[in-house]
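Participant: Okay, here's the prediction I keep looking at, along with the sequence it came from:
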Amino acid sequence: MKLNVKAFALTCGLIWGLGLLFITWWIILFEGSTYQVSFIGRVYRGYNISFIGSLFGLLWGFFDGLIGGAIFAWLYNFLSNKLKTK
């Protein structure tokens, strides 16, 4: 079975970006905005625990998930073709 690279990449991008957005909002809901740079903020420039920071996280997470998902799907398809028994 082959993976559709575009569909898998888009799905990974949406899940990672929206997941980071909602987790940030969850933290803001219970702990409030801190504007402190977290571990993720060291990787994703502009991200912090705030509303604007969550939007930066959404963008960075989407593109990070998109690229990671595309690489994963391509590598899966490549290896499944190489290892296929005839």
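Facilitator: Done, it's in. Residues are numbered from 1 along each chain as shown.
Participant: next SSE after the helix or strand harbouring T11?
Facilitator: Per DSSP states H and E: T11 is located in helix 5-31. Using DSSP H and E, the helix or strand that follows helix 5-31 towards the C-terminus is helix 39-43.
Participant: residues of whichever helix or strand comes after that following helix that come out buried?
Facilitator: Counting by DSSP H and E, the element after helix 39-43 in chain order, helix or strand, is helix 51-82. Residues of helix 51-82 classed as buried: 53-54, 56-58, 60-62, 64-66, 69-70, 73, 77 (neighbour count, 16 or more other CB atoms under 10 Å). All C-beta spots, glycine's among them, are computed from the backbone N, C-alpha and C.
Participant: So which other helices or strands are in contact with the worst-scoring helix or strand of the chain on mean pLDDT?
Facilitator: Ranked by mean pLDDT, DSSP states H and E, the weakest helix or strand in the chain is helix 39-43, scoring a mean of 85. The contact analysis (3 or more CB pairs under 8 Å, 6 or more residues apart in numbering; DSSP states H and E) places helix 39-43 against helix 51-82.
Participant: now do 10 Å
Facilitator: If contacts are counted by 3 or more CB pairs under 10 Å, 6 or more residues apart in numbering; DSSP states H and E, helix 39-43 sits against helix 5-31, helix 51-82.
Participant: neighbours around the residue lying closest to V37 once chain neighbours are set aside, how many?
Facilitator: Distances taken as CB to CB, 6 or more residues apart in numbering place N48 nearest to V37, at 5.6 Å, with adjacent residues excluded. Number of residues near N48 (other CB atoms under 10 Å) recorded here: 19.
Participant: residue contacts, N48?
Facilitator: If you count contacts by CB atoms under 10 Å, 6 or more residues apart in numbering, N48 has them with 24, 33-38, 40-41, 54, 56-57.
Participant: Next: V37.
Facilitator: Listed by CB under 10 Å, 6+ apart, the contact partners of V37 are 44-49, 53.
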